[in-house]
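J.: need a 3D model of the sequence below.
(2 chains)
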Protein chains: 2
Amino acid sequence: MKAAEIPRIYIPPCSCLHRMSRDEGEQKRTGNEAGRAAVQRPKGTRDFLPADMEKRRWLETNFRKTAGLFGFREVATPAFEHVELFTLRSGPQIIEDMYDFRDKGGRHLALRPELTAPTMRLFIEGMTGDPKPLKLFYFGNCFRYEQPQKGRYREFWQFGAEILGAKRVAGEVELLCLADACLKASGLKRYVLRIGHVGVLRNVLEDAGVPAGKQAPLMPIIDKGDHDHLKAALEDLGADCGHVMDVLGSHGGREILSNVPGSGLGEVLDGLASAGVGGYVIEPGIARGLDYYTGMVFEADVPDLGAEKQVLGGGTYALSEVLGGERIESTGFAIGFDRVLVALDAQEVPIPRSRLDYYLIPMGPSERPLALEALAALRRSGLSADIDISDRNLSKALKYASSSGAQNAVIIGESERTSGNLTVRNLASGQQRPARLEDLLKR
Amino acid sequence: MKAAEIPRIYIPPCSCLHRMSRDEGEQKRTGNEAGRAAVQRPKGTRDFLPADMEKRRWLETNFRKTAGLFGFREVATPAFEHVELFTLRSGPQIIEDMYDFRDKGGRHLALRPELTAPTMRLFIEGMTGDPKPLKLFYFGNCFRYEQPQKGRYREFWQFGAEILGAKRVAGEVELLCLADACLKASGLKRYVLRIGHVGVLRNVLEDAGVPAGKQAPLMPIIDKGDHDHLKAALEDLGADCGHVMDVLGSHGGREILSNVPGSGLGEVLDGLASAGVGGYVIEPGIARGLDYYTGMVFEADVPDLGAEKQVLGGGTYALSEVLGGERIESTGFAIGFDRVLVALDAQEVPIPRSRLDYYLIPMGPSERPLALEALAALRRSGLSADIDISDRNLSKALKYASSSGAQNAVIIGESERTSGNLTVRNLASGQQRPARLEDLLKR
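T.: Next up, the predicted model:
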């Protein structure tokens, strides 16, 4: 276990800030440069400012609504788990890429690097008695300790879904339909759904002379698409390369299946046709790295993203028994939430922005009570409204209102106070009109 | 620094599961008892099942909508931060209550125990150049390493808001209005907003003979309401107890302010009156533990909750300069999201539950294509729909549909397939009627 070898350097409290500044030299120092160095966010993590959060919540809401229309229900698990949960799924080498630590009670914990194993643990601990099938979805942050680079962060978000206890083909059809609907709901203009089948792959390897017991080490090589390495590995095993390489290199429509032994994938495609899902590519070379896949596997790419083009991955797997539960038919996928956002940006997909309805500007202390009353009334009737809380003069207050994206300013001066008519200014056109509060509330 | 003294026991991988079972003896073992012990969730954390998540998302959405109506904008920060961020705000003793750890690069990090300091760090790193005031809100999980007990978990959620760079009184009024509106939007039937002022408290202490430099240690004692301890501490300082104890023991309406020196709190109450916020209690004894408060402080209690009755806390504070930023007027609050949920439960506040519109049941393989087509059409038109993916017989499928909360079942058998009429069964009344798909889509 690599984790135990990591030096746990003790740094006296007084030097912490200096030490941090050196460690984080690649981050620009901000704040009060003259005084104490400002505390900075940890390397590889991000803050999300209001404009970011608005996009993120919009996408999250679209995914959640879509899952709801499909009858999936949301679950959530803790941000950290016992390390074993992830090593049992992914092997001990995953510890090197995780934030693992011991808590004050000596428990060996890890910030979750993914959400399938936690969701399966939740099922084993709390939902085994529920009527099947279970259609669950989740949205949450995950953590990997890896070198930060464009589009790869140490904290990132996943949206995903799992179907537990369905008949295999029907479950795979339903899951693929949801994956496709989520990608559509995100507004992506271009993406490719690539579908394969681990059973097909295993049959092809077996026919070429690689017995089931020797296939596992080949899967990550196939997954990486490293054909030279694979060829060498097959030759070492004395297997017949020709057909394997042909099948792995093939991709296309339904006709691809005529070239490989049956797997139930044809029935899945029938289901997709009935449900109106098209535009996918059949690719028998999809292996999905992990050993636990047992059936259909699939990925989605956004070509605009270059090397980091994969935005979704999933398939049919056996995990419950690995974690100590009963065997249950399981199929699921996870979407890289952050990558979809990058893709939306690359494809210039417009994301609606909410704008404040009214920004109220009382011209002096005598007008503030009336302004506060109007403000409360607007908000109560479901209109978004804000008020100047900086005692600015009119022109500065109007400038602030415009820059913050408000649609209208409501000016309340002495004449407005005595007449009861407010002055409403459209901040785009600059046009002003008198209006009574009741009229604003009606709109 | 206590954290460095914690023994970091190395446990060989093969014994991890056994070790865990002993550690977590208080958790019931579940899953496949005959085979490997199932991995369990970490002590003091929770899983949220679909019925929980529906309530949680409902409350979160209400809070987010309310903040949006008020012109607040959402921000988010990483789940962990450099430890210094929290020790600078709360003192080094907070390390004992945090999940702190060293990452693989030797950084001393902590899972965030609260969200005000991270939000302030975000401001210092990324928003100092933005037009002021900034009205920000957040919703996220926080972590404390403390003994789990009823209503206290090691991972919990906070919703909060901060106003940065406003005029003090106007900002305090706006913040109190938002806090009150959030509590109202949550559906709570009973809660008490208690408002105090650290300036009032400090003036009273000064008048009693406790100079400013000696007041800090008294604040936590006042905060705890431990009057015997306070009396002893005041006597040690040679201070005049009488008036202090009178003021601390007082609570009521605006008249309380006549008993204490001015603080601007009167103007805040004027603002609340204009905005229609009433029903609060003035309590000069609110001290809010931390030394960084500088003005109005407030809390909200739900009396139904007993000892854990506080659901909200906040006030006007100086934190930016402590973290290495420029001084900026700041006022904010945080709501204990989990406690509000417990309170809603205690007050039996009904939370709307979404129910599936249609559950489709194809009677055999020949009917599945038609059912999948109907399913896709319903979902595309914004109706929530699910389909039997377990090949159950009709009565079992109807039972599953009812138990999952669906409103209607749509039965598709041979006669439905040939006639084009679907059979729609209302699952509450049991009444069945024929309907064409187009009619279902129109509703």
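
J.: can you list the buried residues in stretch A:156-176?
T.: A:156-166, A:168-176 (16 or more other C-beta atoms under 10 Å in any protein chain shown). For every residue, glycine as well, the C-beta is placed using N, CA and C.

J.: quick check: end-to-end length of that stretch?
T.: 23 Å (C-alpha to C-alpha, to the nearest Å).

J.: strands along the stretch 101-250 of chain A, start to end?
T.: A:108-111, A:134-143, A:155-164, A:192-197 (DSSP state E, counting those that start in this stretch).

J.: dump the ones you listed into a markdown table; add mean pLDDT as well.
T.: Converted to a markdown table, the strands of the stretch 101-250 of chain A look like this (pLDDT from 0 to 100):
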| stretch | mean pLDDT |
| --- | --- |
| strand A:108-111 | 98 |
| strand A:134-143 | 98 |
| strand A:155-164 | 98 |
| strand A:192-197 | 95 |
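
J.: any chance of these in CSV, plus distance to A:Pro78?
T.: Formatted as CSV, the strands of the stretch 101-250 of chain A follow (distance: least, C-beta to C-beta, whole Å):
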stretch, distance to A:Pro78
strand A:108-111, 9
strand A:134-143, 10
strand A:155-164, 15
strand A:192-197, 32
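
J.: and those as TSV, adding distance to chain B?
T.: As requested, the strands of the stretch 101-250 of chain A are exported to TSV (distance: least, C-beta to the nearest C-beta, whole Å):
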stretch	distance to chain B
strand A:108-111	6
strand A:134-143	6
strand A:155-164	5
strand A:192-197	16
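
J.: closest to B:Gly242 out of the ones you listed?
T.: strand A:108-111 (52.2 Å; C-beta to C-beta).

J.: packing partners for the closest one?
T.: strand A:80-82, helix A:83-90, strand A:100-102 (3 or more C-beta pairs under 8 Å, 6 or more residues apart in numbering or on different chains; DSSP states H and E).

J.: is chain B within reach of the second one?
T.: Yes - in this structure, helix A:83-90 sits against chain B according to C-beta under 8 Å from any C-beta of the partner chain; the contacting residues are A:83-85, A:87-88.

J.: now the residues you listed in CSV, with pLDDT?
T.: Shown next, in CSV, are those (pLDDT from 0 to 100):
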residue, pLDDT
A:Val83, 97
A:Glu84, 96
A:Leu85, 96
A:Thr87, 94
A:Leu88, 91
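
J.: can you tell me which of these are buried?
T.: A:83-85, A:87-88.

J.: kindly reformat those as CSV and extend each row with distance to A:Asp47.
T.: Compiled in CSV, these are given as follows (distance: C-beta to C-beta, whole Å):
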residue, distance to A:Asp47
A:Val83, 28
A:Glu84, 32
A:Leu85, 29
A:Thr87, 31
A:Leu88, 34
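
J.: for chain A, which helix is longest?
T.: As assigned by DSSP state H, the longest helix anywhere in chain A is helix A:50-69.

J.: can you list contacts of that one?
T.: A:48, A:74, A:137, A:139, A:157, A:159, A:161, A:178, A:181-182, A:185-187, A:335, A:337, A:340-341, A:344, A:351-354, B:57, B:64, B:73-76, B:136, B:354, B:379, B:382-385 (C-beta atoms under 8 Å, 6 or more residues apart in numbering or on different chains).

J.: next, the most centrally placed residue in chain A: phi, psi?
T.: Nearest residue to the geometric centre of chain A (C-alpha atoms, centre = their mean): A:Phe337, 2.3 Å. Torsion angles at A:Phe337 (phi, psi; degrees, to the nearest 10) stand at phi -60, psi -40.

J.: can you tell me how far the residue nearest to it when sequence neighbours are not counted is from A:Gly420?
T.: Distances taken as C-beta to C-beta, 6 or more residues apart in numbering or on different chains put A:Trp157 closest to A:Phe337, at 3.8 Å, once the chain neighbours are dropped. Here A:Trp157 is placed at a distance of 50 Å from A:Gly420 (C-beta to C-beta, to the nearest Å).

J.: ok, A:Leu305 - contacts?
T.: Residues in contact with A:Leu305 (C-beta under 8 Å, 6+ apart) are A:151, A:311, A:339, A:342-343, A:346.

J.: picking that back up, hang on, the residue nearest to A:Phe337 packs against A:Phe139?
T.: Yes - in this structure, A:Trp157 is within contact of A:Phe139 by C-beta atoms under 8 Å, at 7.1 Å.

J.: need the residues touching each of those two.
T.: A:Phe337.

J.: what's around A:Ile411, how many residues?
T.: 21 (other C-beta atoms under 10 Å in any protein chain shown).

J.: okay, it and A:Asn141: tell me how far apart.
T.: Taken as C-beta to C-beta, the span from A:Ile411 to A:Asn141 is 44 Å.

J.: now swap in A:Ile389 and tell me
T.: When A:Ile389 is compared with A:Asn141 (using C-beta to C-beta), they lie 33 Å apart.

J.: A:Ile94 in helix, strand or coil?
T.: Under DSSP: H, G, I helix; E, B strand; the rest coil, A:Ile94 falls in the helix class.

J.: list the contacts of it.
T.: Contacts of A:Ile94 (C-beta under 8 Å, 6+ apart): A:86-87, A:113.

J.: okay, it and A:Ala376: tell me how far apart.
T.: Applying C-beta to C-beta, the value for A:Ile94 to A:Ala376 is 53 Å.

J.: repeat for A:Ser330
T.: A:Ser330 is 51 Å from A:Ala376, by C-beta to C-beta.

J.: more crowded one of those two?
T.: A:Ser330 (27 against 18).
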